[in-house]
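Visitor: Sequence and predicted structure are below.
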Amino acid sequence: MAFNFPDNFRFADSHEYALLEGDLVRLGISAFAVDQLGDIVFVDLPEVGVSVNRGTSFGSVESVKAVEEMYSPITGEVVQRNESVLSSPEELQNDPHGEGWLLLVRPADLGQLQELMDAASYASKVTAS
């Protein structure tokens, strides 16, 4: 399956993405990760106001195949979570890079974004595996 990863996204090895929007960063999981999971039945996200730390779990996604932890690609404070994905997990499956976003975070260090893979590097990684 061919995937289209938006050029302005940055990706972590663990398949989460980060998208800079003004002074906030939108987090989600890649279309590749969603495809690997299969039918998503439940999403668990932290509350607004919680701090997330780069490389540590910020929630989980459950599919008919497995429960997978999601790891924050950056450190920051959750300012919004996508409530519609919590009530309708299929939104994550249908549009992971758009309406299926997970968190909006106020980053502690924008420099962390530069340490993530760009879309081309991430595409090479997932198509090689």
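Guide: All right, it came through fine. Residues are numbered from 1 along each chain as shown.

Visitor: Just give me the longest helix of this protein.
Guide: helix 119-128 (DSSP state H).

Visitor: didn't residue 117 look like it was pressed against residue 14?
Guide: No: with contact taken as Cβ atoms under 8 Å, residue 117 and residue 14 are classed as non-touching, separated by 11.0 Å. (Each C-beta comes from the backbone N, C-alpha and C, glycine too.)

Visitor: returning to what we had before: quick one: residues in contact with the longest helix of the chain.
Guide: The list of residues contacting helix 119-128 from outside it, by Cβ atoms under 8 Å, 6 or more residues apart in numbering, reads 3, 5, 6, 7, 8, 9, 11, 13, 15, 30, 32, 117.

Visitor: same thing with stretch 3-21?
Guide: 25-33, 35, 70-74, 97, 101, 104, 110, 113-114, 116-123, 125-127.

Visitor: do the same with stretch 98-108
Guide: 19, 21, 23-29, 34, 43, 45-46, 52, 58-59, 70, 72, 74-82, 84-85, 91-94, 113.

Visitor: Mind checking which of these land in strands?
Guide: Counting by DSSP state E, the contacts of stretch 98-108 place 19, 21, 24-29, 43, 52, 58-59, 70, 76-81 in strands.

Visitor: Tell me the buried residues within those residues.
Guide: 19, 24-29, 43, 52, 58-59, 70, 76, 78, 81 (16 or more other Cβ atoms under 10 Å).
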